[in-house]
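# Following is a predicted model, sequence given first.
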Amino acid sequence: MRTFLSAVLIGLVALLVPASAVAYWADHELGSADRYTAAMSPLAGNPAVQGVVVTQAARGLSGQIDAGPFQGGVDALLGEALHSFVGTPAYRTAWDAANRATHAAFLQALTTGHGDAVTIDLAPVIEQVKGVLVEDGVPLADRIPVTHISVKVMEYDNLGALRKGFRMLQIAGIWLPVLTLVLAAAAIALAVHRRRAVIATGLGLAVGAGLLWLAVGVCRRLTLDDLPADVDRPAAEAVYDALTAFLRTTAWVVLAIGLAAALAAWLTGRLRRTP
């Protein structure tokens, strides 16, 4: 009976590993403005994301300036300025500010907010670009209003259906990982043969890590396949990968811990049998 209960608990641990990781991620990673901004910060150097920012910002800026017969020249200057700007440290600062400002809207979209899109407000970027253009003496640059230009990086037809699930994950973000550890310890404590239970628990953790990795990959494909035609796919891929980097890292860490524990327990048994 103890062996059966231990096996059941190990099976539960394997299933709870991906659930615990996702719950912790939703609560502590997506729920934190600092961690969200840190995850999105590397995208400032991503060519696909830069292309979307340049295109959308140029489109928004050119619509704010009426240069008459010189409109083409002004638009060309704006495009050149934006292409140059996205490679500067000031752009990275503005990008981080934009993502920090967007975090509240991002959470609102996933909790109680309205709408089915995840967008980034480029107002901080526009403000920085305007300052650069004014300093360079670009005609009419001082007339550029710092408006809110949103870049849509992801959109879902069923985002509303995900909100309840996200809320549940946030609630479970604290106790579910703890429950997983308690069940793993209980599985070992209940077992008749502790060393075998440690091996099985370690392998169970490794299986759970594999399930987590598989879930991230499947969700990536489903998410990107569901994107509307007007959302830039390479940029959306970069955003998804940045936001789920914690989950992929967690999968590798849990896999390593599980295999190391199983190997250590197995080697201990072998050494004890060696005369």
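All right, it came through fine.
# Where does the prediction get shaky in the chain?
Across the chain, the ranges flagged by pLDDT under 70 are 60-71, 74, 105, 109-120, 133, 136-164, 273-275.
# And the helices in it?
Under the criterion DSSP state H, the chain carries helices at the ranges 2-24, 33-40, 47-62, 71-85, 89-110, 123-135, 159-190, 194-225, 233-243, 245-273.
# and the residue nearest to residue 129 when sequence neighbours are not counted, what does it touch?
Counting by C-beta to C-beta, 6 or more residues apart in numbering, the nearest residue to residue 129 once its immediate chain neighbours are dropped is residue 85, at 5.5 Å. In this view, the C-beta of every residue, glycine as well, is placed from N, C-alpha and C. For residue 85, the set of contacting residues under the criterion of C-beta atoms under 8 Å, 6 or more residues apart in numbering consists of 91, 125, 128-129, 132.
# Reformat those as a markdown table; add distance to residue 186.
Compiled in a markdown table, the contacts of residue 85 are given as follows (distance: C-beta to C-beta, whole Å):
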| residue | distance to residue 186 |
| --- | --- |
| 91 | 52 |
| 125 | 52 |
| 128 | 55 |
| 129 | 58 |
| 132 | 61 |
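# Just name the closest of those to residue 188, please.
Relative to residue 188, the closest of the contacts of residue 85 is residue 91; by C-beta to C-beta it sits at 51.8 Å.
# now, the most widely separated pair of the contacts of residue 85?
Distance extremes for these: the farthest pair is 125 and 132 at 10.7 Å, using C-beta to C-beta.
# quick one, which of those two is more surrounded?
For residue 125 against residue 132, the residue with the higher neighbour count under other C-beta atoms under 10 Å is residue 125, and the figures read 28 against 17.
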